[in-house]
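> could you work out the structure for the sequence below:
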Amino acid sequence: MQKPFITDQTYKGEDYSQNRLPQAEYENCIFEGCNFFEGFLDNQNFMECDFIDCNLSNTNLTNCTFKEVRFSYCKMMGLKFENCNTFLMDFSFKECTLNLSSFYGLKLNRQNFDNCRLVDVDFSEAELIGCYFKNCDLKGAIFKRTQLEKADFTSASNYTIDPENNRLAKAKFAKEGIEGLLTKYRIVIE
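Alright, predicted model coming up:
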């Protein structure tokens, strides 16, 4: 069954936590101030869409497709992005709260995380080559067997990354953040 194709629509202040967003392919649509809390976006397709000031926390993303999707000022706690359709996956995050979310095993090269809270986020076994973590709080974020070559952490804070358990060639860090690379050695830096 072919999904309807919806383009150039704006959805403002809608509540999809109880009544799900109709199954469709959404292109160049804007979702502003919408509530998807504990809702269902499974099997949806979003291309070149913007989510602005939305609550997507604990939403089911199984087989959801995000192509060139921008999330701004969104609350996105507890999401399992690894359940999404990974074909041509591309999104960016600006001033979002992604605490307790998971990007386990995903290939997210050159993705932007701009002024985001990424507390207790799982990046295990992900490929994050060239990603930019601009002014992000990474407290408790999990990096295990993660490819972080050329990633930029110069303005990120609170990260703990084991250089022996992750690939860090040419990754960028500020001098102030070097402690996050040495935590496992339990040394004192003054």
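> any buried residues in stretch 99-113, and which?
99-106, 108-109, 111-113 (16 or more other CB atoms under 10 Å). C-beta: built from backbone N, CA, C; applies to glycine.
> how long is it from one end to the other?
In terms of CA to CA, to the nearest Å, the two terminal residues of stretch 99-113 are separated by 13 Å.
> cool, and stretch 64-84?
5 Å.
> can you point out the buried residues in it?
By neighbour count on 16+ other CB under 10 Å, the buried set for stretch 64-84 is 64-67, 69-77, 79-82, 84.
> among those, which lie within strands?
Secondary structure assignment (DSSP state E) places 65-67, 69-72 from the buried residues of stretch 64-84 within strands.
> now the two most distant members of these.
Considering CB to CB, no two members of those lie farther apart than T65 and S72, which are separated by 19.4 Å.
> and the helices in this protein?
179-182 (DSSP state H).
> which stretches of it have low pLDDT?
Scanning the chain for pLDDT under 70 picks out the ranges 1, 184-190.
> quick one, domains of it?
The chain resolves into domains spanning 1-95, 102-190 when parsed by automatic domain parsing.
> just give the nearest non-adjacent residue to G140, would you?
Nearest non-adjacent residue to G140, counting by CB to CB, 6 or more residues apart in numbering: D120, 4.2 Å away.
> F87: neighbour count?
Neighbours of F87 under the rule other CB atoms under 10 Å: 7.
> that one reaches N63, doesn't it?
No. Taking contacts as CB atoms under 8 Å, F87 lies outside contact range of N63: 10.4 Å.
> follow-up on the earlier one: between the buried residues of stretch 99-113, which sits nearest P22?
For P22, the closest of those turns out to be S101, at 25.1 Å, with distances computed as CB to CB.
> which residues touch that closest one?
76-81, 118, 121-122 (CB atoms under 8 Å, 6 or more residues apart in numbering).
> and if you look at G180?
The contact partners of G180, taken as CB under 8 Å, 6+ apart, are 158-161, 173.
> repeat that for 6 Å
Listed by CB atoms under 6 Å, 6 or more residues apart in numbering, the contact set of G180 reads 159-160.
> over to D120?
Under the criterion of CB under 6 Å, 6+ apart, the contact list for D120 reads 99-100, 140.
> can I get those residues in JSON lines with distance to K150?
What follows is those, written out as JSON lines (distance: CB to CB, whole Å):
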{"residue": "N99", "distance to K150": "26"}
{"residue": "L100", "distance to K150": "27"}
{"residue": "G140", "distance to K150": "24"}
